[in-house]
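Novice: Need a 3D model of the following:
(one chain, ligands or ions: 2)
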Amino acid sequence: MKKLAIIALALFLGCSLEAKKTEPVFNIIPEPQSISVAKGTFNLKGANFNYDSFLEQATIEAIAKLSDGLVFCSGKVSSLAVATGVNYGTPITSLRGIYFLKDATMSPESYKIEIARNAVKITAPDHNGFLYAISTFKQIMPVEIYAGKPALKANWKIPCCTVTDSPRFAYRGIMLDCARHFFTVAEVKKWLDVCAMYKINRFHWHLTEDQGWRLEIKKYPLLTEIGSFRAGTQKTSDRSKHDGQRYGGYYTQAQVKEIVEYAGKLGITVIPELDLPGHMLGALASYPWLGCTGGPYQVWTRWGVCDQVLCVGKETTFEFLFNVLDEICELFPSEYIHIGGDECPKKEWDKCPVCQAKMDELGLVDNENGTRGQKLQNYVTKRVQDYLATKGRKIIGWDEILEGELKEGATVMSWRGTKGGEKASALGFDVIMSPTTYCYLDYRQGDTDLDMSMGAGYPKKKSYDAKNLYDYEPLAGIQEGAEKHILGVQGNMWTEWVHNDPELFYMLIPRLQALSEVQWTIPENRHYGRWEQKMKARHIKTMEILGYNYRPL
Ligand code: ACM
Ligand code: ZN
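Specialist: Ligands and ions are numbered 1, 2, ... in the order given. Below you'll find the model as predicted:
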C-alpha cells in the first residue's frame, strides 16, 4: 500500500514537473490584453523575414533591424524580403517563416502575434502597431536579443502562442525637463529608446524655463545667446546660494529636427512646451521689454516659482509669442503644442499700468469665477489657442489654465493631484492625467541617502516608488460619462536634482515600467506582484544589457 502511494506520488510529481516544464512563462511589460498558449515551439534561428509591400518605410526599417539583430545573435543567416501572394487573411498554416502583414481594419496601435511551429504571423494596422508587436516579440525571445553580440547558446526556440493586444489609453506620455538640466541629443535619444520599448507614444519636451531657454529661434537669437545660460545652479536646499558655475546649452533647429525624426521612427510624437506666461525668465533676460518692469533680468540660478513673468498687457509680447510659435510649428508637426500655464504669479501684473489697463479694457472683475489676474491669464491662453488654431494646432496646458474661464477645445494636464482632471473632464475638456501624487518621476523613491539626495525639497513623508505609481488608477474619481475625456497618462521628469545620465535613469527605472502598465494595460491584467516578478525575471537584466542605470526594486 505504502509502495503504491509512493509510486502514485512520484507519478503525480512527475506529471506536475512535466507540466511546469512545458508551460511557458511570459515576462512581457506592459502586460498584453491576452496571451493564449499552444503546443510546440518555433525556431527563430535562420527563419526568413517577410513583409507586406503596404508597410511604411520606417516599419520596414524596424523589421530589418530586428532581422539583423536576430541573425547576429543566433548566428544563423536568414533573409528579409517582400511577401508575395499572401495578405493578413492568409492562414498561418500556409506560411513558412516570419511575416509582417498589414490589416488596416484593426484598431489604431493594436497588433496580433501568432506563433506556430511553421511560422510567425504579425498583423497590425499602422507603424506603431508593428513597433509594439516587435517590442513584445523581442520580449518572447531570449533576453540576449538585446545584447548586440552573438549568443549561440541561448534557446532560440520560442513557444507557440497568440498575443492579441491594444492600448488602454491613446495618449501615453512622458515629459523631460531639459531646461533645469540640459541633456545632449545623444542622451535624449537614449531616453526615447527606452521609453519606446515600453510603448510610450508622446514625448513632452520641456524646453523653456526661468533657468534656461533651450530652443533656437532664428528670429530672436538672444534667446539662446543670453537666455540659454545661467550664472550658476542651486545645489542645496538653501535657495540663496548657487555654485557660481556658468551652465547651459540649447538645441539648434537642425538638432530638433533630428530628434523629432528619431522619435517618429520610434512611434513617438514630440510635443514641445513653450511655458507661458510664467516660467519665462530665460526670455525676459534675453529681451527685457517682454517684462512688466523692463528689467534688468537674469536667467535664474535658483529653483522655485519666479514672480517675474511676461507682460501681457502689451501687443509686442503677443507678436513675440506668435513669431516664436511660427517657428515651433515649423519644427514640430504634432497636433498639440503645450503652452505651459502653470505657476504664473500675478504680483507684477497687479503693479503694472499696462497690464492693469488691459484688464480694464477687457472689463475683467474679481468674482467667484476668478480674479482679474486669473482672467488676464485666460485671455493670454485664449489668444494663443486661437492663434495656434489658425495653424490647425490644439493646446495642452497645465491645470492652472482651468482657473477662471477656459475656452473649449483646450486639453488640460492635471498635475496638482487629480482634482483638475476630475473637474476638467466633467466640464467636457480632454484631460491628460499626470498627478504629482503618482506620476512625478522627480519625487524621491525612498529614504536611503541616495534617494534623499535626488529628491531634495520634495515630499518627505512618502515614497513615490514604482509601487505607488503602479497602483494609480487614472479613472478613479472621474465622473461617470466623462471617462472618454481622459486621453491618457503621463510621467513627468523634472530635473532640478538630476545631474547626469545615471541619475536620470535611476529616477526613471523601474517607474517607467510601472507607468507603462498604467498607460497600456487593462485593469484586469494589472497585478503588482506579477509585474515585480517580470521585472526580476527579465527587465532588470534587459536594462543592464542596454546600459541603463536603475533603482533596484
Ligand atoms: C509643474 O509641475 N509646475 C507643472
Ligand atoms: Zn505688464
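Novice: only C-alpha atoms for contact and neighbour calcs from this point on.
Specialist: Noted.
Novice: what does the protein put close to ligand 2?
Specialist: Proximity of the chain to ligand 2 is confined to 292, 311, 352, 355 under the rule CA under 5 Å from the ion.
Novice: Could you find the closest non-adjacent residue to the residue of the stretch 101-250 of the chain found nearest ligand 2?
Specialist: For the stretch 101-250 of the chain and ligand 2, the shortest gap (CA to the ion) falls at residue 210, measuring 17.3 Å. Spatial nearest neighbour of residue 210, excluding adjacent residues (CA to CA, 6 or more residues apart in numbering): residue 281 at 4.1 Å.
Novice: now residue 39
Specialist: In space, residue 39 is closest to residue 160, 6.1 Å off (CA to CA, 6+ apart).
Novice: Name the surrounding residues that touch the helix or strand containing that neighbour.
Specialist: Under the criterion of DSSP states H and E, residue 160 resides in strand 157-165. Under the contact criterion CA atoms under 8 Å, 6 or more residues apart in numbering, strand 157-165 has outside partners 24, 32-45, 110-117, 140-141.
Novice: Which ChimeraX command selects the buried ones in those residues?
Specialist: Those of the contacts of strand 157-165 that count as buried under 16 or more other CA atoms under 10 Å are selected in ChimeraX with:
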select :32,33,35,37,40,41,42,43,44,45,110,111,112,113,114,115,116,117,140,141
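Novice: Now, the contacts of strand 157-165 that are in helices?
Specialist: In this view, the contacts of strand 157-165 that belong to helices under DSSP state H are residue 140.
Novice: could I have the helix or strand that residue 255 is a member of exported to PDB, CA atoms only?
Specialist: Using DSSP H and E, residue 255 sits within helix 253-265. Coordinates of each C-alpha in helix 253-265 appear next as PDB, following Å, rounded to 0.1, in the frame of the first residue of the first chain:
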ATOM      1  CA  GLN A 253      16.800  73.700 -35.100                       C
ATOM      2  CA  ALA A 254      18.800  71.000 -37.000                       C
ATOM      3  CA  GLN A 255      19.100  69.000 -33.800                       C
ATOM      4  CA  VAL A 256      15.400  69.500 -33.000                       C
ATOM      5  CA  LYS A 257      14.500  68.100 -36.400                       C
ATOM      6  CA  GLU A 258      16.800  65.200 -35.800                       C
ATOM      7  CA  ILE A 259      15.100  64.400 -32.500                       C
ATOM      8  CA  VAL A 260      11.600  64.800 -34.000                       C
ATOM      9  CA  GLU A 261      12.500  62.400 -36.800                       C
ATOM     10  CA  TYR A 262      14.200  59.900 -34.500                       C
ATOM     11  CA  ALA A 263      11.200  59.900 -32.200                       C
ATOM     12  CA  GLY A 264       8.900  59.500 -35.100                       C
ATOM     13  CA  LYS A 265      10.600  56.300 -36.200                       C
END
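Novice: where does the chain have low pLDDT?
Specialist: 1-22, 455-461 (pLDDT under 70).
Novice: Kindly provide the distance from the residue of the stretch 351-500 of the chain found nearest ligand 2 to residue 345.
Specialist: Ligand 2 sits closest to residue 355 of the stretch 351-500 of the chain, with a gap of 4.2 Å, by CA to the ion. To residue 345, residue 355 is 13 Å away according to CA to CA, to the nearest Å.
Novice: residues touching residue 391, list them.
Specialist: residue 329.
Novice: In three-state terms, label it for me.
Specialist: Three-state assignment for residue 391 (DSSP: H, G, I helix; E, B strand; the rest coil): coil.
Novice: Which parts of the stretch 101-250 of the chain are strands?
Specialist: For the stretch 101-250 of the chain, the strands defined by DSSP state E, counting those that start in this stretch cover 111-115, 119-124, 157-165, 171-177, 202-206, 208-209, 212-213, 229-230, 247-248.
Novice: hang on, the earlier thing: secondary structure class for the residue of the stretch 351-500 of the chain closest to ligand 2?
Specialist: Per three-state DSSP, the local secondary structure of residue 355 is helix.
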